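> how does the following fold in three dimensions:
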Amino acid sequence: MRRFALIGHRAMSQGKLPLNDMAGGAGRMDVLVRALMAAMLTSHGLRHDTEVVLHLMGGPGPSRRIKFVGSLLKGVHAEERAVAGHIGKVLKLPIPARGQWVERSSGIFDGGGDINHTLAEWSETTIVCLEANAPRLWMQGEAIPSKSQPLSNYSGAHGDFSITGLDIGFVVSDDKPLPEDIPTEKMLKRSVGDLWLQGHMAIGICHFLLDEGVQLNLVQS
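Down below sits the predicted model:
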């Protein structure tokens, strides 16, 4: 399973989502939408072995999480306003209790809580925090395989997929640092290069490495 925790420190957590002002009035929701699309979508379909949790921390009210589960998802297409529309429908509803998930539509779950709740749910997952000033995500000297050897795979039909392989989660923040109360000792800090890439580009690189089967640097130093 591939998991992505996307943190939006300013992203609105409830109310009417302004589709014409996602960069301003919605608290840079446009950044999260692009990252969500990079994580969930291929050119002509969905990644059924992927889950994405949006962390909306900008208020009003408590923080909110929205989870997209690829193996259950329906009706999500590669168009930013359409994807934002799915988020907007959730934001109009009351925020569930912290740690509780409520399915709002096929594969889209709504919950209260923050990144610490997500990390607790990922207790059996190898967790990587993407950070430019960190060791590389891939092993030194590792070559790209001549034939794709995906590190995770899926088989089955919608709603009944079997997912095998590496269980890995990536934490991707916006332009602000992670909250200080995150237990960073439970995460590996890794980079995909020296430059601070935009989140959706970094996610694309992570998928590429996993799709091709490049050996990852997941040993705690």
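
> so for residue 215, what's the pLDDT?
Per-residue confidence (pLDDT) for residue 215: 96.

> neighbours of it, how many?
14 (other C-beta atoms under 10 Å). C-beta: built from backbone N, CA, C; applies to glycine.

> residue 138 is in contact with that one, correct?
Yes. Shown here, residue 215 and residue 138 form a contact pair, counting by C-beta atoms under 8 Å, at 6.7 Å.

> buried residues in stretch 9-22?
9-14, 17-19, 22 (16 or more other C-beta atoms under 10 Å).

> ok, and what's touching stretch 81-93?
When contacts are defined by C-beta atoms under 8 Å, 6 or more residues apart in numbering, stretch 81-93 is touched by residues 12-17, 19, 22, 29-30, 32-33, 36-37, 54, 56, 64, 66, 75-77, 104-105, 108, 110.

> may I have it as PDB, with CA atoms only?
Extracted in PDB, the C-alpha atoms of stretch 81-93 (Å, rounded to 0.1, in the frame of the first residue of the first chain):
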ATOM      1  CA  ARG A  81     -12.200  21.900 -10.100                       C
ATOM      2  CA  ALA A  82     -14.000  18.600 -10.300                       C
ATOM      3  CA  VAL A  83     -11.600  17.100  -7.600                       C
ATOM      4  CA  ALA A  84     -12.000  20.200  -5.500                       C
ATOM      5  CA  GLY A  85     -15.800  19.800  -5.800                       C
ATOM      6  CA  HIS A  86     -15.600  16.400  -4.000                       C
ATOM      7  CA  ILE A  87     -13.700  18.200  -1.200                       C
ATOM      8  CA  GLY A  88     -16.200  21.000  -1.200                       C
ATOM      9  CA  LYS A  89     -19.100  18.600  -0.600                       C
ATOM     10  CA  VAL A  90     -17.400  17.200   2.500                       C
ATOM     11  CA  LEU A  91     -16.600  20.700   3.900                       C
ATOM     12  CA  LYS A  92     -20.300  21.500   4.000                       C
ATOM     13  CA  LEU A  93     -21.000  18.700   6.500                       C
END
